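Give the three-dimensional model of this entry:
(one chain, ligands or ions: 3)
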Amino acid sequence: MLTVEDILHAIEDGGYRATGSRRRLLETLAARGEGFTAEELVGEVRGVGRATVYRTIRLLLRQGLLCKLTLQDGAPRYSLSRVGHHHHVVCVRCGAVRDFRQSVIERILKDLEVGEGSAVVGHRIEVYVVCPGCREAGVATSPTAATG
Ligand SMILES: [Zn+2]
Ligand SMILES: [Zn+2]
Ligand SMILES: [Zn+2]
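Ligands and ions are numbered 1, 2, ... in the order given. Modelled structure (predicted):
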């Protein structure tokens, strides 16, 4: 489980400065698990300019310290990545997010043929589901219930 301190160290290890603004931004992110849109962060973190917020988001994404969640409607949401590299399973009905990792996917993507001269340096995967709670609420949409 990564703490704000761990993430500040990782920022410094990456050759960037762990400024007071960045610390405040991280502490804000840490306080709300379900994350923020970039604009919500700008409004929430007092005294930190919009440009700094966006720059820090990009930096954290590049270092794998931030989760970016692209929902089907609305702006992407960001939350601290607390477990290292992972992916998300998102319920399309209620928006519930679960983390997952699967080594077989990592191996496939690492060895993916992406064209001559290119090297894979990262990836992002989101899997969209209807969660058990939402399936119960609407049984007709369950794929296993469909008989054709
Ligand atoms: Zn995540
Ligand atoms: Zn759901
Ligand atoms: Zn992966």
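
Could I get the full set of helices for this protein?
Counting by DSSP state H, the chain has helices at residues 4-13, 20-31, 38-44, 50-62, 103-110, 132-137.

Not counting its own residues, what contacts the fifth one?
Residues outside helix 103-110 that contact it (C-beta atoms under 8 Å, 6 or more residues apart in numbering) are 85, 87, 120, 123, 125. For every residue, glycine as well, the C-beta is placed using N, CA and C.

for the record, mean pLDDT for it?
Mean per-residue pLDDT for helix 103-110: 87.

do the second one as well
The average pLDDT within helix 20-31 is 91.

OK, contacts around the residue of the chain found nearest ligand 1?
Nearest residue of the chain to ligand 1 (C-beta to the ion) works out as C67 at 3.2 Å. Residues counted as contacts of C67 (C-beta under 8 Å, 6+ apart) are 35, 78-81, 86, 88.

Can you list which of those residues are found in strands?
78-80, 88 (DSSP state E).

In JSON lines, list those along with distance to A31 and neighbour count.
Output for those, formatted as JSON lines (distance: C-beta to C-beta, whole Å; neighbours: other C-beta atoms under 10 Å):
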{"residue": "Y78", "distance to A31": "13", "neighbour count": "21"}
{"residue": "S79", "distance to A31": "11", "neighbour count": "18"}
{"residue": "L80", "distance to A31": "10", "neighbour count": "23"}
{"residue": "H88", "distance to A31": "20", "neighbour count": "18"}
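
among these, which two are most distant?
Greatest spatial distance in the ones in strands among the contacts of C67: L80 and H88, 13.4 Å, computed using C-beta to C-beta.

residues touching the residue nearest to R32 when sequence neighbours are not counted, list them.
Excluding the flanking residues, the one nearest R32 by C-beta to C-beta, 6 or more residues apart in numbering is S79, at 7.7 Å. Contacts for S79 (C-beta under 8 Å, 6+ apart) come out as 29, 32-36, 66-67, 69.
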